[in-house]
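Undergrad: Sequence and predicted structure, then a few things I'm wondering about:
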Amino acid sequence: MPGAIYAEGLVKTFGDVKALDGVDLEVPEGTVLGLLGPNGAGKTTTVRCLTTLLRPDSGKAVVAGIDVLKQPDAVRRSIGLSGQFAAVDEYLTGRENLQMVGQLYQMRARAAKVRADELLEQFNLADAADRTAKTYSGGMRRRLDLAAALVVSPPVMFMDEPTTGLDPRNRQQLWEVIKQLVSGGTTLLLTTQYLEEADHLAHDIAVVDHGRVIAQGTSDQLKARTGGERVEVVVHEREHIAAASALLDKYSLRGLGKGDTTVEDHMRKITTPVSGGAKLLAEIIRELDADGIEIDDIGLRRPTLDDVFLSLTGHVAEAGDGDAADPDGTQKTKEQSSGGNRPGKEAVK
Ligand SMILES: Nc1ncnc2c1ncn2[C@@H]1O[C@H](COP(=O)(O)OP(=O)(O)OP(=O)(O)O)[C@@H](O)[C@H]1O
Ligand SMILES: [Mg+2]
């Protein structure tokens, strides 16, 4: 019995672009799968194939026990979808948008109104309920789109970047809504650029790159697989970044992945995967000292999901907060900054 969401060998080509190159996925009933991947990896295309919006060139997909290619209409009745780009009717008010969805699902007018009011409250839209969606901010539209996906509670939900563009408070509230939904038995596949979100919400994480799932497991399993510890050095002088980076690179554990030594220029921080613990740390401090490189901070830490993502895909996460943040886009891997070739994936397979 396949999981509530099952995909095998999904392929989708757009002209010369192979958006999906054999995607395999399985999401057990009542769990959350977080789909992570850099821009253009194929996350939205996967969601669109699984939700019948796009027909794959080949492969197999079963959602809620129904064959997606053979019975798309039946699949549509069993799923909820909230997209990366909010699909709200601009000329209707927030309340009317939600009531309309209820009526599409054949709810009675009274029940649709009650449900709309509940959701408007839950998504902080009560004050704006009677304004047309045209006047809504980006975050408000996204919340309305999410609320629309929740008018009825389908057994399987898909959310494509549900919290992109939400402020921290609204994001937290959505996380609570999602947790409630899943504790009620819903199966959820969500895509996200926020590693913290995947860490927090997803039972399993699938990392997608170039149209394939390149790793899948729990957050802990993926972190364990990334291996090693990370040494982080913050140099005092910006001019010392290059020298410190070259020095740390000598100790970098090779073969762990694509992103070995990384530099965050704006923070004067250099990070590299190592193994050797405190003894190695002492040695690095001595060497930095001997080279006259003054440091503000140095430490060892366990790999984060951010490191996992980087070592698997060679990209830092495009968006995020906390330690996954790269707001200025200044963090880059050494190979990216030096323009070198991207090594193959074999090292991490
Ligand atoms: N309708 C389309 N026509 C042509 N190319 C497309 C189409 N849809 C997607 N692609 C291409 O397929 C690849 C995968 O796109 P997709 O939107 O699935 O990526 P994604 O992982 O969702 O990225 P993002 O993080 O930016 O949302 C990209 O190279 C994209 O340009
Ligand atoms: Mg997308």
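TA: Cool, the structure landed. Residues are numbered from 1 along each chain as shown. Ligands and ions are numbered 1, 2, ... in the order given.

Undergrad: Which residue is the nearest non-sequential neighbour of residue 116?
TA: Excluding its sequence neighbours, the residue lying closest to residue 116 (CB to CB, 6 or more residues apart in numbering) is residue 98, at 3.7 Å. C-beta here means a position set from N, CA and C on the backbone, and glycine is covered the same way.

Undergrad: And the pLDDT at that neighbour?
TA: Here, the pLDDT recorded for residue 98 equals 95.

Undergrad: for residue 129, same thing?
TA: 96.

Undergrad: Tell me the residue of this protein that sits nearest ligand 2?
TA: Residue nearest to ligand 2 within the chain: residue 44 (3.1 Å; CB to the ion).

Undergrad: Helices of the stretch 101-250 of the chain, start to end?
TA: Using DSSP state H, counting those that start in this stretch, the helices of the stretch 101-250 of the chain run over residues 109-122, 138-149, 168-183, 195-201, 219-226, 241-251.

Undergrad: got the ones you listed as JSON lines, with mean pLDDT and distance to ligand 2 columns?
TA: JSON lines is the format used below for the helices of the stretch 101-250 of the chain (pLDDT from 0 to 100; distance: least, CB to the ion, whole Å):
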{"stretch": "helix 109-122", "mean pLDDT": "94", "distance to ligand 2": "24"}
{"stretch": "helix 138-149", "mean pLDDT": "89", "distance to ligand 2": "14"}
{"stretch": "helix 168-183", "mean pLDDT": "88", "distance to ligand 2": "18"}
{"stretch": "helix 195-201", "mean pLDDT": "88", "distance to ligand 2": "15"}
{"stretch": "helix 219-226", "mean pLDDT": "83", "distance to ligand 2": "21"}
{"stretch": "helix 241-251", "mean pLDDT": "91", "distance to ligand 2": "33"}
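
Undergrad: between those helices, which one is nearest to residue 30?
TA: Residue 30 sits nearest to helix 168-183 of all the helices of the stretch 101-250 of the chain, at 6.8 Å, using CB to CB.

Undergrad: Going by neighbour count, list what's buried in the closest one.
TA: 170-171, 173-174, 177-178, 181-182 (16 or more other CB atoms under 10 Å).

Undergrad: so where's this protein shaky on pLDDT?
TA: Within the chain, the segments meeting pLDDT under 70 span 1-2, 84-86, 254-259, 316-349.

Undergrad: Let's see that with 50 instead.
TA: Across the chain, residues meeting the criterion (pLDDT under 50) sit at 257-258, 319-349.

Undergrad: hang on, the earlier thing: Provide the contact partners of the helix or strand harbouring the residue nearest to residue 116 at residue level.
TA: Counting by DSSP states H and E, the element that carries residue 98 is helix 94-104. Applying CB atoms under 8 Å, 6 or more residues apart in numbering, the contact partners of helix 94-104 are 88-89, 92, 109, 111-113, 115-117, 119-120, 125, 128-131, 133, 136, 140, 144, 147-148, 151-152.

Undergrad: circling back: closest one to residue 284 among the helices of the stretch 101-250 of the chain?
TA: helix 241-251 (6.5 Å).

Undergrad: Quick check: closest non-adjacent residue to the residue nearest the centre of the chain.
TA: In the chain, the residue lying closest to the centroid (CA atoms, centre = their mean) is residue 192, at 2.4 Å. Closest residue to residue 192 apart from its sequence neighbours, by CB to CB, 6+ apart: residue 198 at 5.5 Å.

Undergrad: Residue 205 is in contact with that neighbour, correct?
TA: Yes: using CB atoms under 8 Å, residue 198 and residue 205 qualify as a contacting pair, with a distance of 5.2 Å.

Undergrad: any shared contact partners between those two?
TA: 34, 36, 219, 305.

Undergrad: Show me what counts as buried in stretch 182-193.
TA: 182, 186-193.

Undergrad: Over to stretch 74-85?
TA: Using 16+ other CB under 10 Å as the test for burial, stretch 74-85 gives 75-76, 79-84.

Undergrad: Now the two most distant members of those residues.
TA: Going by CB to CB, the pair spanning those furthest: 75 and 84, at 19.7 Å.

Undergrad: before we move on, the earlier item: over to the residue of the chain closest to ligand 2. Which of the three states is it?
TA: helix (DSSP: H, G, I helix; E, B strand; the rest coil).

Undergrad: Spell out which parts of this structure neighbour ligand 1.
TA: With CB under 6 Å from any ligand atom as the criterion, the chain meets ligand 1 at residues 14, 17, 19, 37, 39-45, 84.

Undergrad: Name the nearest of these relative to residue 226.
TA: Among the residues of the chain next to ligand 1, and counting by CB to CB, the member closest to residue 226 is residue 37, at 16.1 Å.

Undergrad: now the residues of the chain next to ligand 1: which count as buried?
TA: Among the residues of the chain next to ligand 1, those scoring as buried are 19, 37, 41-45, 84 (criterion: 16+ other CB under 10 Å).
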